[in-house]
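Chemist: sequence and predicted structure below; questions after.
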Amino acid sequence: FLYSHQSALYAGVDREVWRLANSKGQKISTVELPGKGCTAYSATAVSDIVYFGVTNCGLRVYQYDKSGFSQTKLGLGDDVLAQYGDVYELHNWNDRLIIGATARFGTAGLYAYRPDGGISKIGGDGVNGSWINAGFTFPESLSTHRGNLIATFERTPMEHSPITAVWSFDGT
């Protein structure tokens, strides 16, 4: 990934997260777990905190702020964490960190996180009228359009009937 925030450019290069500011590059961390090589895959900022999503290491998010680099304490139980294999996409929507998690089984999940307000599931498994199709396992992209959160999904296996892989959420 490449992500620009304030005057710095952040880059995920395999397991490493780099920051370029004032014409100087600095490796700020390596994302890994014992016996697992994670991949720094996505980034976004909420306020002055830059968040990083990783693949190959479950539903894990890291953050970088004036205190340095650390794992974000999402407050999810082990049963929830076991359901997801990666954090594929991150997005700032209405000052909340939106986490697009790939499914190990079942459907992809979308979570909204606020450091001061906890975390809640906002999409997947029929939550808020969302998708229930087990083929929607990867959240391909997250964006904002006219105030709504828009998510697109990879559809596995491909379906030739009229099934849409685009979801719009207005917050209610």
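Modeler: Looks like it came in fine.

Chemist: rest of the way, CA atoms for contacts and neighbours
Modeler: Will do.

Chemist: secondary structure element for residue 81?
Modeler: Assigned by DSSP states H and E, residue 81 belongs to helix 78-83.

Chemist: what does residue 88 give?
Modeler: strand 84-93.

Chemist: so what touches that strand?
Modeler: 41-46, 51-61, 97-105, 108, 138-144, 149 (CA atoms under 8 Å, 6 or more residues apart in numbering).

Chemist: re the thing from before, distance from the helix holding residue 81 to the middle of the chain?
Modeler: The gap between where helix 78-83 is centred and where its chain is centred comes out at 15 Å by CA atoms, centre = their mean, to the nearest Å.

Chemist: quick one: buried residues of it?
Modeler: residue 83 (16 or more other CA atoms under 10 Å).

Chemist: and what of stretch 144-159?
Modeler: 144, 149-155.

Chemist: so which one of those residues is the model least confident about?
Modeler: pLDDT is lowest at residue 155 among those; the value there is 71.

Chemist: the host helix or strand of residue 102 vs strand 84-93, what angle?
Modeler: Using DSSP H and E, residue 102 maps to strand 96-103. Between the axes of strand 96-103 and strand 84-93, defined by axes from the mean of the first three to the mean of the last three CA atoms, to 10 degrees, the angle is 160 degrees.

Chemist: what is the helix or strand hosting residue 50 packed up against?
Modeler: Applying DSSP H and E as the criterion places residue 50 in strand 49-55. For strand 49-55, the contact count by 3 or more CA pairs under 8 Å, 6 or more residues apart in numbering; DSSP states H and E identifies strand 39-46, strand 61-65, strand 84-93 as packing neighbours.

Chemist: for it, give me every contacting residue.
Modeler: With CA under 8 Å, 6+ apart, strand 49-55 has contacts from 5, 31, 38-45, 60-65, 85-90.

Chemist: partners of the closest residue to residue 76 other than its chain neighbours in the sheet?
Modeler: Of all residues not flanking residue 76 in the chain, residue 119 sits nearest, at 7.8 Å (CA to CA, 6 or more residues apart in numbering). In this entry, residue 119 is beta-bridged to residue 113, by DSSP bridges.
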